[in-house]
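Engineer: give me a model of this one.
(one chain, ligands or ions: 1)
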Amino acid sequence: MPMKHLFATLALAAATAQAAEPVKINIQADQPGPVIARQIYGQFGEHLGAGIYEGLWVGTDSKIPNVRGWRTDVVTALKALKVPVLRWPGGCFADEYHWRDGIGPQAQRPPRVNTSWGGVIEPNSVGTHEFMDLADQLGTEVYINANLGSGTVAEMAQWLEYLTAEGDTALARERRANGRDKPWRIQYWGIGNESWGCGGHMKPSYYADQYKQWATFAKAPRGNRPKLVASGGQELELHWTETLSAEIKDRMAAITHHQYSLPTRDWKKKGSAVNFPESEWISTLAVPQTIDGYLAKHREILDRNDPAKKVAIYFDEWGSWYDPEPGTDPGFLVQRNTLRDAVLSALHFHVFHRHADRVKMANIAQMVNVLQAVVITDKERMVLTPTYHAFAMHLPFMDATSLPVQLSGVPDYTLGKYSIPALSASAAKAADGKLILSLSNTNPNQPLPLQLAVGGKGVRAVSGQLLTAATMDAQNWYDAPDRVKPQPFKAEAKGGVLALNVPAKSVLVLEVQP
Ligand code: AHR
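Structural biologist: Below you'll find the predicted structure:
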């Protein structure tokens with residue numbers, strides 16, 4: 001056999017190797033872990049490409065049905081996800097955003113250049129009042145990221161006062177004159193974004209000093225003080241976590257962390273969103289496992305510097321990042337969304353659940369039309385992506401109590417230099433008391449037989465939803481919006497044993513009836 005065929009055969013054999021024995025899962029329902037903060041299912045919307053303008057904001061004169069400028073179809077779809085928290089206005093854009101550009105009559109607002117994303121004109125039609133209206137329509141908490149990179153302390157302090165002032169101050173009067181009488185409630189206040197990079201290329205020690213000064217002046221009335229959030233590092237940048245947790249732990253609620261999933265790990269050629277080889281399926285799905293390891297290392301530092309666990313990790317940017325969709329502006333970060341993204345989401349959720357005692361928020365990048373979006377739009381048309389369905393299926397995990405899961409006999413799914421467990425699982429007791437289980441079979445070629453128990457005892461039945469598709473890169477598009485859509489799934493015990501097959505390349509969320 002020619003060498004190249006031999007290697008191909010070996011690779012295929014490795015990729016499809018599975019244990020014949022069923023995987024055994026035991027949910028330890030009597031050992032409750034931490035609550036899974038619903039904010040782990042948070043969203044991020046930046047002034048970037050069609051993420052805000054077109055995708056969400058169409059303006060009041062648009063023929064596209066809207067409520068005060070926000071398109072009704074997209075808002076309705078997002079409401080079904082019960083978005084717990086929305087981060088805005090960036091991202092890199094946050095560090096060039098000046099809030100005064102976005103208040104007052106829209107026609108008089110100054111157009112600026114969005115230097116972070118495509119160099120396009122930022123009309124400032126969406127500003128503070130519009131964003132807070134969107135948050136109100138969605139019923140979500142708000143996480144505003146203030147401009148540390150190119151703004152001033154006074155500017156930030158005045159923005160927060162404008163938002164929250166109760167009395168008869170000049171800024172409260174200005175807010176009222178612009179149409180809002182009562183102060184808004186602001187839950188989270190970020191000071192800078194990626195300050196190691198687009199937010200100012202700072203060293204952690206310099207940032208820590210800056211943060212302390214800014215946090216000192218981030219004042220709001222008692223009872224309406226947002227949690228202050230420090231901009232942390234990415235990936236394995238432990239020195240950011242080390243410095244921030246040592247220097248400013250008493251002044252922050254959380255340190256942010258970012259990590260994107262690039263199939264190739266190469267920012268110059270990240271890999272295609274569709275028509276990708278299996279080697280890029282597995283390399284992408286291997287990222288959450290890496291995140292799991294990195295988080296463990298960041299936690300070690302936090303556990304040393306903050307044993308009382310007062311400082312959380314907010315994973316406020318995560319998701320796939322592929323080469324831009326051909327024919328689009330590369331600065332708009334447009335990419336297709338496939339079954340791979342849905343599985344990637346489930347694997348991230350499982351990691352966040354595992355670290356739920358420290359990870360108190362996570363925000364997918366981004367909500368609409370940008371990177372791993374949950375919704376995509378084209379003029380008046382809208383499509384819900386596979387990622388949207390992964391979020392919808394996991395709604396019962398919001399505010400659920402995590403439960404340990406014992407797994408035995410899980411085979412590895414191996415291809416080339418990557419090897420990941422073929423099954424990822426996470427269980428919890430939902431807020432309504434139901435026992436819930438999320439499973440993902442990462443192997444695109446083999447279903448996985450499985451037997452389920454709770455507290456070592458057999459269970460009666462499971463029912464829920466299955467998300468899979470014919471191909472790894474199956475996507476929802478305007479001509480086939482339901483190609484990747486959850487299907488009902490159920491199984492019952494026979495002879496006291498609940499056995500089921502988790503289909504290849506799938507996400508399964510089940511209610512378990514012990
Ligand atoms: O989500 C896109 C960009 O990625 C954000 O603006 C930035 O924070 C990160 O580098």
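
Engineer: residues from the stretch 301-450 of the chain in reach of the ligand?
Structural biologist: Within the stretch 301-450 of the chain, the positions near the ligand by C-beta under 6 Å from any ligand atom are 317, 365-366, 371. Glycine gets a C-beta too; all of them are placed from N, C-alpha and C.

Engineer: of those residues, which is the nearest to the ligand?
Structural biologist: residue 365 (4.0 Å; C-beta to the nearest ligand atom).

Engineer: from residue 401, how far out is that closest one?
Structural biologist: 28 Å (C-beta to C-beta, to the nearest Å).

Engineer: more neighbours: the two, which one.
Structural biologist: Applying other C-beta atoms under 10 Å to residue 365 and residue 401 shows that residue 365 carries more neighbours, namely 25 against 17.

Engineer: quick one: pLDDT of that one?
Structural biologist: Note on residue 365: pLDDT of 98.

Engineer: so it sits against residue 319, correct?
Structural biologist: Yes. Taking contacts as C-beta atoms under 8 Å, residue 365 lies within contact range of residue 319: 4.7 Å.

Engineer: any shared contact partners between the two?
Structural biologist: Residues within reach of residue 365 and of residue 319 at once, by C-beta atoms under 8 Å, 6 or more residues apart in numbering, are 260, 371-372.

Engineer: now the residues you listed in a markdown table, with neighbour count?
Structural biologist: Putting the shared contacts of residue 365 and residue 319 into a markdown table (neighbours: other C-beta atoms under 10 Å) gives the following:
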| residue | neighbour count |
| --- | --- |
| 260 | 18 |
| 371 | 27 |
| 372 | 27 |
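
Engineer: so where's the protein uncertain?
Structural biologist: The chain contains residues with pLDDT under 70 at 1-20.

Engineer: where do the strands sit along the stretch 101-250 of the chain?
Structural biologist: Using DSSP state E, counting those that start in this stretch, the strands assigned to the stretch 101-250 of the chain run over residues 112-114, 120-122, 141-146, 188-191, 227-230.

Engineer: so how far is the ligand from the closest residue to residue 255 other than its chain neighbours?
Structural biologist: Closest residue to residue 255 apart from its sequence neighbours, by C-beta to C-beta, 6 or more residues apart in numbering: residue 232 at 3.9 Å. Distance of residue 232 to the ligand, computed by C-beta to the nearest ligand atom, to the nearest Å: 12 Å.

Engineer: quick check: buried residues in the helix or strand hosting residue 361?
Structural biologist: Element membership for residue 361, per DSSP states H and E: strand 359-365. Buried residues in strand 359-365, defined by neighbour count with 16 or more other C-beta atoms under 10 Å: 359-365.

Engineer: next: stretch 344-353.
Structural biologist: Of the residues in stretch 344-353, those buried (16+ other C-beta under 10 Å) are 344-353.

Engineer: stretch 389-409 now?
Structural biologist: Using 16+ other C-beta under 10 Å as the test for burial, stretch 389-409 gives 389-403, 405, 409.

Engineer: could I get that stretch in CSV with only the CA atoms?
Structural biologist: The C-alpha trace of stretch 389-409 is given here as CSV (Å, rounded to 0.1, in the frame of the first residue of the first chain):
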residue,chain,number,x,y,z
HIS,A,389,-30.6,26.4,19.1
ALA,A,390,-27.8,25.3,21.4
PHE,A,391,-28.5,28.3,23.7
ALA,A,392,-32.3,27.6,23.6
MET,A,393,-31.8,24.0,24.5
HIS,A,394,-29.7,24.9,27.5
LEU,A,395,-32.2,27.4,29.0
PRO,A,396,-33.0,25.1,31.9
PHE,A,397,-29.4,25.3,33.0
MET,A,398,-29.8,29.0,33.9
ASP,A,399,-29.6,29.3,37.7
ALA,A,400,-29.6,25.5,38.0
THR,A,401,-27.5,23.8,40.7
SER,A,402,-24.6,21.9,39.1
LEU,A,403,-24.3,18.2,39.9
PRO,A,404,-21.2,16.1,39.5
VAL,A,405,-21.3,13.4,36.7
GLN,A,406,-19.2,10.2,36.9
LEU,A,407,-18.3,9.0,33.5
SER,A,408,-16.7,5.6,32.7
GLY,A,409,-15.6,4.1,29.5
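
Engineer: measure how buried residue 234 is and give me the count.
Structural biologist: 16.

Engineer: cool, and residue 307?
Structural biologist: What residue 307 shows, counting by other C-beta under 10 Å, is a neighbour count of 8.

Engineer: so it, which of the three states?
Structural biologist: coil (DSSP: H, G, I helix; E, B strand; the rest coil).

Engineer: so which bits of the stretch 151-300 of the chain are right by the ligand?
Structural biologist: 193-194.

Engineer: stretch 376-388: end-to-end distance?
Structural biologist: With C-alpha to C-alpha, to the nearest Å applied, stretch 376-388 spans 10 Å between its terminal residues.

Engineer: neighbours of residue 309, how many?
Structural biologist: Neighbour tally, residue 309, other C-beta under 10 Å: 13.

Engineer: can you pull the contacts of it?
Structural biologist: Here residue 309 is in contact with 302-303, 357-358 (C-beta under 8 Å, 6+ apart).

Engineer: the most centrally placed residue in the chain and residue 186, how far apart?
Structural biologist: Of all residues in the chain, the one closest to the mean position by C-alpha atoms, centre = their mean is residue 364, 2.2 Å from it. Distance, residue 364 to residue 186, using C-beta to C-beta: 21 Å.

Engineer: now residue 111, what are its backbone angles?
Structural biologist: phi -70, psi 140 (degrees, to the nearest 10).

Engineer: kindly report the same for residue 453.
Structural biologist: According to degrees, to the nearest 10, residue 453 has phi -140, psi 160.
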